[in-house]
Structures are given as C-alpha cells and as structure tokens.
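Peer 1: Provide a 3D model corresponding to the input given below.
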Amino acid sequence: MQRERERQADAEDAARLLSEYQVSVCFRMVRISVLMILVHTQAATEAERENDAARRGKNISLKKYHVKQIHDKMRRAASEKVQELEEQADLRAQLAEEERLFEQYSEALIAQYRADGKDVKPLLMELARIKSDRR
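Peer 2: You can find the predicted model right below:
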C-alpha cells in the first residue's frame with residue numbers, strides 16, 4: 001500500500017509538474033507571441049512613418065513644381081503683355097507717322113491749288129469728311 005501511495009504521490013507530482021511545465025510553456029509562448037506582435041507593430045509603424053515621410057517629400061516636390069509652373073506661366077503672360085503693348089505702341093507710331101505724312105501731302109496739295117488759282121473749298125470739305133471718318 002505504501003508503494004501504491006508513493007506511486008500515486010509520484011504520479012500526482014508528475015502530473016502537477018507536467019501541468020506547471022505546460023502552463024510555463026504556454027506563458028512563454030504567449031510572451032513570445034506578444035513580443036512578436038510588438039516587433040511587428042513597431043516595424044509596421046516605422047514603415048508607415050517612412051511611407052508618410054516619402055509621401056510628404058513627394059508632395060513638397062510636387063508643390064514646388066506647381067509653384068514653378070505658376071511662376072513660369074505668369075512670366076510668359078507678362079512677357080506676352082509687354083510684347084503686345086510694344087506692338088500697339090509701334091502701330092500707334094506708324095499711324096501717327098502716316099497721319100503726319102497725309103497732313104503734309106494735303107497741305108502741299110492745297111498750297112498748289114491756291115498757287116494755281118483753283119478753288120480749295122472742295123479739297124477742304126473732303127479733308128474734313130476724311131478726318132471725321134477716321135475718328
């Protein structure tokens with residue numbers, strides 16, 4: 001009987017040790033799982049940070065490019081406006097020169113008609129009509 005008790009006590013001790021070992025192994029596995037999750041989460045967080053930094057860098061580059069495009073477009077528009085104004089000024093100068101030449105011609109023609117003794121009234125009326133049509 002005593003042997004049986006010893007065997008039963010040994011069996012109970014073995015069962016208790018086995019159970020404690022299994023619990024210990026289970027806790028270790030849980031601890032390892034938690035550590036793996038933490039490492040994975042940290043790696044994911046770092047990857048997200050890197051992705052965010054890369055995205056920010058791309059956005060900043062894109063913004064700089066857009067600003068450059070806007071400046072280039074504004075510069076082109078200003079240059080075109082200056083060129084247009086210069087062309088308008090040239091046209092006004094040409095028109096003024098043509099007007100001056102026409103005035104000289106008409107004054108010379110009137111002077112010649114007067115010198116020839118012709119009536120200048122029809123010329124003056126025609127000049128007045130031409131001037132009113134131009135404006």
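Peer 1: could you list the low-pLDDT ranges of the chain?
Peer 2: Scanning the chain for pLDDT under 70 picks out 18, 135.
Peer 1: where do the strands sit along it?
Peer 2: Shown for the chain, no strands are assigned by DSSP state E.
Peer 1: spatially central residue for it, please.
Peer 2: Nearest residue to the geometric centre of the chain (Cα atoms, centre = their mean): His66, 2.4 Å.
Peer 1: so who does it touch?
Peer 2: Applying Cβ atoms under 8 Å, 6 or more residues apart in numbering, we find His66 in contact with no residue. Where you see a C-beta, it was placed from the backbone N, CA and C, and this is true even at glycine.
Peer 1: from Cys26, how far out is it?
Peer 2: In this view, His66 and Cys26 are 58 Å apart by Cβ to Cβ, to the nearest Å.
Peer 1: same check, this time on Arg100
Peer 2: According to Cβ to Cβ, Arg100 stands 109 Å off from Cys26.
Peer 1: do Ser79 as well
Peer 2: From Ser79 to Cys26 the distance is 78 Å (Cβ to Cβ).
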